[in-house]
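> Return atomic coordinates for the entry below.
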Amino acid sequence: MPPKVQQKSKEQKMAAAMAGGKSKKKKWSKGKSRDKVDNKVLFNKEAWERFNNEVPKMKLITVSALVEKLRINGGLARKALREMEEEGKIKAVCCSRAQKIYTRNVTEEEEE
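Numbering: from 1, shown residues only. Modelled structure (predicted):
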């Protein structure tokens, strides 16, 4: 059995309790802040040419891939992909409610 530890008197306990409350109060953190993205809502000439050159060569084409690569708005990317599909430059692989997946349009001459 370990030796008995002498207990503090009431005055000592009271003094310890009062001393403990004098520490600084905890400050609230500001929280994590994200960088504000500044995506374009309209194509400029350079971005439009880059879109027409790069997108038909991509194997996997999604709205999110275009937003990341070209720094354009999601709505602009959807509209541009829809237009490119109507022209026949790309074709839709999967059309779900949430996301459309496109791929490049491979013609028979390119395969040979």
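> Low-confidence stretches in the chain?
In the predicted model of the chain, residues 1, 20-24, 108-112 satisfy pLDDT under 70.
> which stretches of it form helices?
For the chain, helices defined by DSSP state H occupy the ranges 10-20, 45-54, 63-70, 74-87, 108-111.
> Among the ones you listed, which comes closest to D35?
helix 63-70 (13.8 Å; Cβ to Cβ). For every residue, glycine as well, the C-beta is placed using N, CA and C.
> ok now the closest one, how far from the chain's centre?
Distance of helix 63-70 from its chain centroid, counting by Cα atoms, centre = their mean, to the nearest Å, is 11 Å.
> Check which helices and strands that helix sits against.
Counting contacts by 3 or more Cβ pairs under 8 Å, 6 or more residues apart in numbering; DSSP states H and E, helix 63-70 packs against helix 45-54, helix 74-87.
> closest to S33 out of those helices?
That would be, of those and by Cβ to Cβ, helix 74-87, which comes in at 21.9 Å.
> That closest one: which residues count as buried?
L76, A77, A80, L81, M84, E85 (16 or more other Cβ atoms under 10 Å).
> Reformat these as JSON lines; add distance to E49.
Below are the buried residues of helix 74-87 laid out as JSON lines (distance: Cβ to Cβ, whole Å):
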{"residue": "L76", "distance to E49": "15"}
{"residue": "A77", "distance to E49": "16"}
{"residue": "A80", "distance to E49": "13"}
{"residue": "L81", "distance to E49": "16"}
{"residue": "M84", "distance to E49": "14"}
{"residue": "E85", "distance to E49": "19"}
